[in-house]
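**Q** Sequence below, structure please.
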Amino acid sequence: MERNRICTLLSSAALVVSLLSGCTSDQLYEYRAHTDTVTEGAGNAVAVNRAVHTLDPWPTYSQKAEVDMDGKRALAAVRRYENNNSTKPSEAVAGATRN
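**A** Numbers count the residues shown, from 1 in each chain. Sure thing, here's the model as predicted:
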């Protein structure tokens, strides 16, 4: 009789605890559950679709193969850099940059 009463008390206590556990509020879960995405990993699908369906993503100036540079002048700059000697600017140029 005593054993039957203990089992009844334990089972009713378990029932009450399980029913009351539904009344608790996990605020972190609720915060994470209310998102604008389908899953947590979803994010930039619109940007990916826009990039995939772009016909030519490169700008027109990226196809320019001509370099507007004087080769002799570039070689002289590389040599000055390698030898660690620089040319001093003239007074006209230096005076123009001072405030």
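**Q** so where's this structure shaky on pLDDT?
**A** 1, 21-27, 30, 32, 35-42, 89-99 (pLDDT under 70).
**Q** rerun that using 80 as the cut-off
**A** Where the chain drops to pLDDT under 80, the residues are 1, 17-48, 51, 55-59, 67, 86-99.
**Q** Where is the longest helix in it?
**A** helix 2-21 (DSSP state H).
**Q** How far off centre is it?
**A** Helix 2-21 has its C-alpha centroid displaced from the chain centroid by 51 Å (C-alpha atoms, centre = their mean, to the nearest Å).
**Q** So that it lines up with my notes, have the first residue be 35 from now on.
**A** Let's use 35 as the start, then, which means that last one is helix 36-55.
**Q** Now tell me what touches the host helix or strand of Leu109 from outside.
**A** Element membership for Leu109, per DSSP states H and E: helix 105-117. Outside helix 105-117, the residues that touch it by C-beta atoms under 8 Å, 6 or more residues apart in numbering are Ser120, Thr121. For glycine as for every other residue, the C-beta is placed from the backbone atoms N, C-alpha and C.
**Q** Please point out which parts of it sit buried.
**A** Residues of helix 105-117 classed as buried by neighbour count (16 or more other C-beta atoms under 10 Å): none.
**Q** Work out the gap between that helix and the centre of the chain.
**A** On C-alpha atoms, centre = their mean, the centre of helix 105-117 falls 40 Å from the chain's centre.
**Q** can I get the CA coordinates of it in CSV?
**A** Extracted C-alpha coordinates of helix 105-117, given in CSV (Å, rounded to 0.1, in the frame of the first residue of the first chain):
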residue,chain,number,x,y,z
GLY,A,105,58.7,52.5,-69.9
LYS,A,106,61.9,54.4,-69.6
ARG,A,107,60.5,56.6,-66.8
ALA,A,108,59.2,53.5,-64.9
LEU,A,109,62.6,51.8,-65.3
ALA,A,110,64.4,54.9,-64.0
ALA,A,111,62.0,54.9,-60.9
VAL,A,112,62.7,51.2,-60.3
ARG,A,113,66.5,51.7,-60.5
ARG,A,114,66.3,54.7,-58.0
TYR,A,115,64.3,52.5,-55.6
GLU,A,116,66.7,49.6,-55.9
ASN,A,117,69.8,51.8,-55.4
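**Q** Since that was my last question, I'll sign off now.
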